[in-house]
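Asks: Fold the following.
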Amino acid sequence: MVAVIRLSLLLLGCVGLLQPASARYIGYCPKGWYYYKLSCFKYFSQSQSWDEAETQCQASHASAHLAWVEESREAATLQRVISYYQRVQPVWLGLRYQHQSQAWQWVSGDEYSITSGLSGNGTHGGTCGMLTHLSGFTLWSSTDCAQQHPYICKFTPFH
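Replies: Here you go, the predicted model:
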């Protein structure tokens with residue numbers, strides 16, 4: 001019995017050593033914010049227009065904006081955070097159609113690409129991107145920016 005307890009404690013200690021590097025940065029996200037790698041995320045349930053949501057993100061933290069996606073695991077993190085709170089309403093993303101460049105662009109300044117890990121399209125009218133509840137928040141779609149939706153914000157503490 002003692003040997004089993006010692007082995008269990010040893011294994012628990014090893015698991016602690018194998019934590020992903022991102023776990024070290026959990027203290028860098030304010031209370032109520034979730035983390036993935038070096039970014040912090042927060043879901044807001046108040047329905048706002050896209051512009052109002054972006055303004056509220058900036059007011060919530062100095063470097064926050066509507067969330068942008070850089071890879072598929074980050075997209076999965078957004079999906080889990082949103083699904084924890086609700087599953088019935090679309091959610092604003094930091095994605096907008098730029099008429100000048102005729103391309104979808106993240107608020108980070110990067111042009112949207114399917115390689116970001118988030119599938120979707122902007123063929124449904126409107127120039128703002130949202131995660132669709134009908135897809136379980138795994139796809140984005142375009143809509144009118146004046147519509148009112150909950151939103152998710154993101155910031156990177158080290159920038």
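
Asks: residues in contact with stretch 124-137?
Replies: 50, 78-79, 82-83, 86-97, 99, 104, 112, 120, 122, 138-145, 147, 149, 152 (C-beta atoms under 8 Å, 6 or more residues apart in numbering). (Glycine included, C-beta is placed from N, CA and C.)

Asks: tell me which residues in it are buried?
Replies: Neighbour counts using 16 or more other C-beta atoms under 10 Å place Gly126, Thr127, Cys128, Gly129, Met130, Leu131, Thr132, His133, Phe137 of stretch 124-137 among the buried residues.

Asks: what sits against Trp92?
Replies: Taking C-beta under 8 Å, 6+ apart as the contact definition, Trp92 lies against Gln48, Trp50, Ala53, Leu66, Cys128, Gly129, Met130, His149, Pro150, Tyr151, Ile152.

Asks: out of these, who's nearest Tyr28?
Replies: Set against Tyr28, the nearest of these by C-beta to C-beta is Ile152 (18.1 Å).

Asks: number of nearby residues for that closest one?
Replies: 23 (other C-beta atoms under 10 Å).

Asks: Now it. Nearest residue, chain neighbours left out?
Replies: With sequence-adjacent residues excluded and distances taken as C-beta to C-beta, 6 or more residues apart in numbering, Ile152 is closest to Ala67, at 4.6 Å.

Asks: how near is that neighbour to Asn121?
Replies: If you measure Ala67 against Asn121 using C-beta to C-beta, to the nearest Å, the figure is 18 Å.

Asks: Please apply the same query to Trp68.
Replies: 17 Å.

Asks: more crowded one of those two?
Replies: Trp68 (22 against 13).

Asks: what kind of secondary structure is that one in?
Replies: coil (DSSP: H, G, I helix; E, B strand; the rest coil).

Asks: What sits closest to it if chain neighbours are left out?
Replies: Nearest residue to Trp68, sequence neighbours excluded (C-beta to C-beta, 6+ apart): Trp106, at 3.7 Å.

Asks: Contact partners for that neighbour?
Replies: The contact partners of Trp106, by C-beta under 8 Å, 6+ apart, come to Trp68, Val69, Gly94, Leu95, Tyr112, Ser116.
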